[in-house]
Structures are given as C-alpha cells and as structure tokens.
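Colleague: Generate coordinates for the sequence data below:
(2 chains)
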Amino acid sequence: MNKRVLMKGNEVIAEAAIQAGCKAFFGYPITPQNEIPEYMSAHIERRNGIFVQAESEVAAINMCYGAAATGARVMTGSSSPGMALKQEGISYMSGADLPVLMVNVSRCGPGLGGILPAQGDYFMATRGGGNGDYRTPVFAPAYIQECSDLVFHSFDIAEKYRTPVMILLDGMLGQMMEPVEIRPTPPIEADKSWVADGNTDKRPPNIVNSLSLLGDVLEQQNLKRFEKYAEIERTECMVENTVKDGDEIAVVAYGVPARIVQNAIEELSAEGIRAGLIRPITLWPFPYDVFKSLPASVKYILVAELSMGQMVEDVKLGVNGKYPVHFYGRCGGMVFDPSEIADKVREIIKGGAQ
Amino acid sequence: MATKVIYEKSRGLKDNPLTYCPGCSHGTIHKLVAESLVELDVLERTIAVAPVGCSVLAYNYFNCDGIQAAHGRAPAVATGIKRVCPDKIVFAYQGDGDLASIGTAEIIHAAHRGENFTVIFVNNAIYGMTGGQMAPTTLINQKTTTSPYGRFEETTGKPLLVSEMLATIPGAAYIERVSVHDHAHILKAKRAIKKAFKYQVEGKGFCMVEVLAACPIGWNVSPVDSMKFVRDQMMPYYPLGVYKDKEGVQ
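Modeller: Coordinates of the predicted model:
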C-alpha cells in the first residue's frame, strides 16, 4: 500500500503512471514538465519499463505510436510548444485508433512564450491541432491527488476506447507539492486482438494504419470512430458542480484557477453574495449539460481562465443563450487573485460592464 | 507426371497484386526482404514499418504484422516497437524523400542510439508517389517536376550521400549500398539485406541497406532505360559497397 506523502505534481504523474503499468515513456526535455522524464529515467527501467529520451517531440510521439501499436501501455509528457510539435502524431494515433497517454504541463504562449502557468492550450487540447476529424479526451486535474487518480483513469479510457488521451495541467500544479496517496486501480481488460506485435504464428497479420485511399471506406471508418466519440460524450463526462439553490452566479473554471475561484466564492459568501463553482474535469467531452439544470436562482455565468478566453466558447455552447456569460482572464503567465474574481462578480451583480 | 518446383513466390509476401508502377524496383526489393525473413525463419515474429511514400502500402504485401508510419518517422516508430518488443524482428522500409529529407533527424538518431532494427532505404533519386518531384538524392542536372530545368548545385546542393553520412555514426553496425538494376547486383543486394536482418537477430545494432532503385514513371523513361540510368548515372555518384561493418572491424 502507498502511504500519504508530500510530492511534486510532475513526479506524482510519473510515479502513478509506473504503478498503472506504463511500459514505456518517450519524451523530450521542456520546462515545466522536466520532472516527468527525470523521474521516469530514474525509476521506470528499474521496474521493467522503458525510458527513451527522443531526439525531438515529433520523434517521441512517433515512438509512442510504434510502442502502442504493439499493445503496450505508453506515455509521453511535454509542455505547450512541445505539444504543438506532437500534433502530427496525435492525428495519426487517432486515425490508427491507438491508446496513448499524453501529459501537457502547459506554459504561456504563443510561440516560445514563457514558462509561467497559463491555460492557452485549451483550443489545441480540445479542438486538436492535427489534421482531420478527431477528438481527444482531455482531463484537467486541479489537485495533485486528482493528478494521480486521473493517470489511472486516463490509461483505462485510452485502452477502453482505443484513443490517445491527454491530461492537461499547468506548471503551477506540475511544480507544486501537496500530500498525495497514490491509489492504484487494476488496469481494465481491453481487447488486444488488433495489436501488431509480431505473433503471426498464432494469427493472421495485423495492420495498424491510418491510410485509407477509398472515400467510401474512409467515411465509414470515420463514422465508426465518431460512434466511439459519441459513447465517450454520453458516459465519460466529469464535472465538479457546487452550485446550490439560492446561488446567484455560477463561476466556471478548470484546473488550479478553479481553486482560486473557490477562495473568491468564500470571500463573497462572507458578504452575502452567493456563488457556486462549476469545474469541468473533462474538457472534452465538455459538460455542456450542467448548464441545462442549474437552480432557478442563477442569473449570471462568469468564466475565469488563464487565457484570453477559450473555454468560454464551450460554456456559451452549453448555456445556449439562457444566461449572460461574462469572462475574466489573465494571460502571459499572470495568475488572478481571489480578489480579482470577487471584484468581477460584484461588478456583474451590480450590472456593470460585461 | 511429377512436377519439380524450381521457383515460387516467397511466402513472405501476401497474394495481393502489387500496385507499384511497371518497371519499379520495389517489387524486386520486396522479394529480397521477404525471402530473407523466410530464410532466417523470423517471418512470424517480424513487424514491418511502412512510412509515407510509394512503399506506404507495403503492409499489403509483406506477410507479417505491419505498422504504417507518418512521413519520415519510421525510425522513431520502429524504436518504439523494438524497445517494447526486443525479441521481435523490426524493419523500416523507407524511400529517399522519406528518409533523406523529412526524416533525417529520425534516421540519424536511430543510428546514433544504435537501435537494433533494420532499415531498407530505397533510393530512386526522386519523390515517386507524389509524381516525380526533386529529392535531396536527385542527381545534378536531373529534371524533375520541381527542377524542370535540372537540379542546380548552387541552389539545391549536391545529392545527399546517406550511407556515407550514417557510416560516421558509432552506433551504426552495418551500412551497405547496393543496386538492383541487373541480376548479378540483385544477388548481391539479397546478401546485404539478409545480412542486415541476420545482424538484427544477433543483436548487433542498427543496420541499413541503401538500395539504388529505378523509378521509370517518375523519371519519364522506359523500364529498360531506367535500369541503364541506375547503372550509368546513379552508380558513379553513389558508389556501391560496405560503408560500415562492425564485424569487419576487429
């Protein structure tokens, strides 16, 4: 049994992955995720796993592609500009239906940007930067305990649905320490009849492939993949919703910023302003339905992000015009205080500028 | 009356009809690879990697597990496969646009790490699948659809000598350049390809065989003339031979 220990977010993710049966890690150095490959290099090979520091992010994701095609549990980690480089591989893995866990310990951008925390990768994570029609399940932990729990869950989701899966956090969560108990769950028993692991003495050859030159064939393959995505949307959505009857405003935030919002909500509560938190844990599938059943007392929605406004578009899709949707964001690595969120809530309730 | 079989298609190849162009060398090279895998008795534990290019459809022809890779990334994909399946035989089958242009980082670092897999590098001095564009391996003055007046050294450099370059990397165990333009050279190419797989079976490290190949459609010449082009134009610039053999250096 694991004890409750004080650990850094990035190291927790690496340790949880090893305990989840991750067979191979392929990565490339980039701040602020370096503790993941560093931890892996120190620990995974001693526990019968593989660590390769690739020559590039592009190579790392393609190593994941190859290893995953043989049925192994595999993982890569990176940060924003590195994740941008991996988009080719993510598209190919989606097209070839390969389960891989990718961790993006994001930083601020665009371009080289900086290494401070930001949430500007929401579009890249949920809409994808790669070519073609595909979706990527994205999990956004707000606590280090949740980082650990979601590693086990993400591997299972990846294998259950044969899809690449992303855990998206920011450098704040990756770099800070919190008490955590790594709680392993047994891996799901996924169908592995498709793997190309060089055992054709026992079965006909298997092909792992995203190429399909005939339009009608490729359309059918895509439709089948979207049935899988529809099933994920129906069954795998995760959200923390603390909005109660009597709350006037619902504040939507994900990741560590949701914890800052929680502090703001407590500050407002002391002065009689009632607010609740909606924290999407899956960014895709996005919990659109949560906005359909809010208490009648809710009059406003505020979205708080460390970006110029990305998740706010999903919130507007969920709200569908039912409530006014306000936005408060900081970017460039600047992180809002609880007081900034509280001020914004006071301004909205007073009927100030949107 | 009893019949005696003196030649048959290797069981290393499936029965699917090849979709390569008339006169293309891929069919010959596929045969040599398939025969080598069967003769070494490793076909059933082999995983082929076919990246973007004419040979992207190789998984339809080799009678073993197949994994299609992104353009140039076959050595990275093969690294992932071989590291988690070290007892399997893994090979990447790459063209010159794939290996010598978009995939230079991946091939150099696979050799650099001494990855224990085999690369078959088919060099026909052109991008075949996309319709005959200039490659890093295109000869000086050779006309292609993106060098319509011929390749100029001043602006596009000299053809890239991949075998010579990779031979300088300590992690490379065996590098040889061969040709398949006539029967004698096909037999030599077979020996090289088989050796590159044998070395992998023995765990010797990174092996690559560069095969000079004809692309009559891309070059816009007849199949017969394409073989002469390999012999008279390519071979003088791309000398055949063993560029690295760890076994040969004691």
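Colleague: For chain A, give me its nearest residue in chain B.
Modeller: B:G80 (2.9 Å; C-beta to the nearest C-beta). C-betas here are computed from N, CA, C, even on glycine.
Colleague: could you give the mean pLDDT of the strand or helix carrying that residue?
Modeller: B:G80 is part of helix B:74-84, with elements assigned from DSSP states H and E. In this model, helix B:74-84 carries a mean pLDDT of 98.
Colleague: helices or strands next to that helix in the packing?
Modeller: Contact analysis of helix B:74-84 by 3 or more C-beta pairs under 8 Å, 6 or more residues apart in numbering or on different chains; DSSP states H and E lists strand A:24-27, strand A:50-53, helix A:57-69, strand B:46-50, strand B:89-95, helix B:104-113, strand B:118-123 as its packing neighbours.
Colleague: residues making contact with the second one?
Modeller: For strand A:50-53, the surrounding residues in contact (C-beta atoms under 8 Å, 6 or more residues apart in numbering or on different chains) are A:23-29, A:37, A:40-41, A:44-45, A:60, A:63, A:67, B:79, B:83-84, B:113.
Colleague: how about 6 Å then?
Modeller: Strand A:50-53 is contacted by residues A:A24, A:F25, A:F26, A:M40, A:S41, A:I44, A:E45, B:R83 when judged by C-beta atoms under 6 Å, 6 or more residues apart in numbering or on different chains.
Colleague: ok, so of those, who is nearest A:G95?
Modeller: In terms of C-beta to C-beta, no member of the contacts of strand A:50-53 lies closer to A:G95 than A:F26, at 19.2 Å.
Colleague: Once you drop chain neighbours, what's closest to the residue of chain A positioned farthest from its centre?
Modeller: No residue in chain A sits farther from the centre than A:D201, which is 39.4 Å out by C-alpha atoms, centre = their mean. Counting by C-beta to C-beta, 6 or more residues apart in numbering or on different chains, A:D201 lies nearest to B:E44, which is 3.9 Å off, once chain neighbours are set aside.
Colleague: repeat for A:V319
Modeller: A:F291 is the one closest to A:V319 (C-beta to C-beta, 6+ apart), at 4.9 Å.
Colleague: ok, the one you found touching A:G318?
Modeller: Yes. With contact defined as C-beta atoms under 6 Å, A:F291 reaches A:G318; the gap is 3.9 Å.
Colleague: and these two? which has more neighbours close in?
Modeller: A direct count of neighbours by other C-beta atoms under 10 Å in any protein chain shown for A:F291 and A:G318 places A:F291 higher, at 24 against 21.
Colleague: Look up the pLDDT of the spatially most central residue of chain B for me, please.
Modeller: By C-alpha atoms, centre = their mean, chain B has its centre lying nearest to B:F121, at 2.5 Å. Here the pLDDT value assigned to B:F121 is 98.
Colleague: contacting residues for it?
Modeller: B:Q94, B:L99, B:M208, B:E210.
Colleague: burial of the second one, as a residue count?
Modeller: To tie it back to what came earlier, the one meant is B:L99. B:L99, neighbours per other C-beta under 10 Å, totals 32.
Colleague: State the distance from it to B:I175.
Modeller: 13 Å (C-beta to C-beta, to the nearest Å).
Colleague: Enumerate the residues of chain A near chain B.
Modeller: A:23-24, A:50, A:55-56, A:59, A:62-63, A:65-67, A:69-70, A:72, A:88, A:92, A:196-198, A:200-201, A:205-209, A:211 (C-beta under 6 Å from any C-beta of the partner chain).
Colleague: For the chain, give me the ranges with low pLDDT.
Modeller: In the absence of a named chain, this looks at chain A. The model of chain A has pLDDT under 70 over residues A:1, A:352-354.
Colleague: I was after chain B.
Modeller: Ranges of chain B meeting pLDDT under 70: B:249-250.
Colleague: mind running it again at 50?
Modeller: Residue ranges of chain B with pLDDT under 50: B:250.
Colleague: how about the strands in it?
Modeller: Remark: strands assigned in chain B by DSSP state E are B:46-50, B:65-68, B:89-95, B:118-123, B:172-179, B:206-212, B:241-245.
Colleague: Reformat the ones you listed as a markdown table; add distance to A:P295.
Modeller: Below are these laid out as a markdown table (distance: least, C-beta to C-beta, whole Å):
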| stretch | distance to A:P295 |
| --- | --- |
| strand B:46-50 | 56 |
| strand B:65-68 | 52 |
| strand B:89-95 | 59 |
| strand B:118-123 | 63 |
| strand B:172-179 | 68 |
| strand B:206-212 | 64 |
| strand B:241-245 | 73 |
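Colleague: Which one, of these, ends up nearest to B:E106?
Modeller: Using C-beta to C-beta, these put strand B:89-95 closest to B:E106, at 9.2 Å.
Colleague: Please report the residue range of the longest helix in chain B.
Modeller: helix B:183-201 (DSSP state H).
Colleague: Domain map for chain A?
Modeller: A:4-197+A:211-235, A:239-349 (automatic domain parsing).
Colleague: Serialize those to TSV and add fields for distance to B:E106.
Modeller: Shown next, in TSV, are these (distance: least, C-beta to C-beta, whole Å):
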stretch	distance to B:E106
domain A:4-197+A:211-235	6
domain A:239-349	30
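Colleague: Quick check: which of these is buried the most?
Modeller: When you average the neighbours per residue for each of those (mean count of other C-beta atoms under 10 Å in any protein chain shown), domain A:4-197+A:211-235 leads with a mean of 21.
Colleague: now what about the helix holding B:G80, what contacts it?
Modeller: Here helix B:74-84 has contacts from A:23-24, A:50, A:59, A:62-63, A:65-67, A:70, A:72, B:47, B:49, B:51, B:69, B:90, B:92, B:94, B:106-107, B:110, B:115, B:117, using C-beta under 6 Å, 6+ apart.
Colleague: pretty sure A:V195 contacts A:R73?
Modeller: No. Contact status for A:V195 versus A:R73: not in contact, 11.9 Å apart, counting by C-beta under 6 Å.
Colleague: Spell out, range by range, the helices that occur in the stretch 1-150 of chain A.
Modeller: Secondary structure of the stretch 1-150 of chain A (DSSP state H, counting those that start in this stretch): helices at A:9-19, A:35-43, A:57-69, A:80-85, A:87-95, A:122-127, A:144-161.
Colleague: Just put the ones you listed in CSV and tack on distance to A:M172.
Modeller: Converted to CSV, those look like this (distance: least, C-beta to C-beta, whole Å):
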stretch, distance to A:M172
helix A:9-19, 8
helix A:35-43, 14
helix A:57-69, 22
helix A:80-85, 14
helix A:87-95, 24
helix A:122-127, 16
helix A:144-161, 11
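Colleague: That's all I had, so thanks and see you.
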